[in-house]
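K.L.:
Predicted model, plus sequence, below.
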Amino acid sequence: MPKTRLQKSEILRTLQEKVKKSKSLFFARYSRMTVEESEKLRSDLRKESGEFLVAKKTLINLALADSDIKGIDAKALEGQVGIIFSYGDEVAPVKEASKFIKEKEGKLEFLAGILEGKVLAAEDVKMLAMLPSKAELYAKIVGSINAPVSGFVNALAGNLRNLVYVLKAVEDKKTS
C-alpha cells in the first residue's frame, strides 16, 4: 500500500533530524535480508551508537539537500539503499556493519559514505572499517607511554635485586 503524503513528510522529517544529528553517514545496498538478520544488524549498530534506516531514494536526497550535504545522489546508487547513521564514534557502526557483511555474504554491501562533509567511495568505506577502533588506538598509546616507565621500574628493581644477591653472597661467605 503506497504511503500517504503525510507519512512521507513524517519520514522526511525523521531523516532530516537523523542526518543533522549524525557524525557520519554510510550508504549500503541490502538484498535478500530476512527480518531476523535486519534486526540483528540494527541491534549491533545500536550498541555502537549507530542506526540502520531504509527509505526511498527521493526522500534520502531531500534530507541530504536540507542538510547541505553535496556530492552524493541516492538515486544514482544501485539497488535498495539503506543508511547507516553514526551518532557516537564515526567509524564504529561501519566496523559493526563490516562484521555483518563478512557473516552474511551478499546481504549488505557498502556503496558510499559521508565523513566530515567529504564523500567517500565504497572502497574508502571498506578501508575505514578495517582501521582499529578508538579504544584500540587509545590502548596502543597508553602502552607506548607506559613502556619506558615500566622499563625504568624493571631496571631499578634489577639493581635492587642484584644488591640483595651480593649482600646474601657476602653473608653466606661470612657464615661459612
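P.N.:
Structure received.
K.L.:
in this structure, which spans are strands?
P.N.:
Assigned by DSSP state E, the chain shows strands spanning 24-30, 50-54, 81-86, 108-115, 118-121.
K.L.:
Same list (those strands) but as a markdown table, adding mean neighbour count.
P.N.:
Yep, even glycine has a C-beta here, placed from its N, CA and C like the rest. Listed next are those as a markdown table, based on neighbours: other C-beta atoms under 10 Å:
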| stretch | mean neighbour count |
| --- | --- |
| strand 24-30 | 23 |
| strand 50-54 | 19 |
| strand 81-86 | 22 |
| strand 108-115 | 21 |
| strand 118-121 | 14 |
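K.L.:
Reformat these as a markdown table; add mean pLDDT and distance to Ala157.
P.N.:
Putting these into a markdown table (pLDDT from 0 to 100; distance: least, C-beta to C-beta, whole Å) gives the following:
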| stretch | mean pLDDT | distance to Ala157 |
| --- | --- | --- |
| strand 24-30 | 94 | 47 |
| strand 50-54 | 95 | 46 |
| strand 81-86 | 95 | 45 |
| strand 108-115 | 94 | 47 |
| strand 118-121 | 92 | 50 |
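K.L.:
between those strands, which one is nearest to Gln7?
P.N.:
Distances from Gln7 to each of these were compared using C-beta to C-beta; the shortest belongs to strand 50-54, at 14.3 Å.
K.L.:
Mind listing residues that contact that closest one?
P.N.:
Under the contact criterion C-beta atoms under 8 Å, 6 or more residues apart in numbering, strand 50-54 has outside partners 15, 18, 28, 30, 38, 41-42, 45, 80-88, 92-93, 96-97.
K.L.:
Show me what the helix or strand bottoming out on mean pLDDT in the chain is packed up against.
P.N.:
Per-element confidence for the chain was summarised using mean pLDDT, DSSP states H and E. The lowest value among helices and strands belongs to helix 134-175, with a mean of 80. Secondary structure elements in contact with helix 134-175, counted by 3 or more C-beta pairs under 8 Å, 6 or more residues apart in numbering; DSSP states H and E, are absent; no helix or strand qualifies.
K.L.:
State the distance from the residue minimising distance to the centre of the chain to Lys107.
P.N.:
Nearest to the geometric centre of the chain sits Ala92, at 1.4 Å (C-alpha atoms, centre = their mean). Ala92 is 20 Å from Lys107, where distance means C-beta to C-beta, to the nearest Å.
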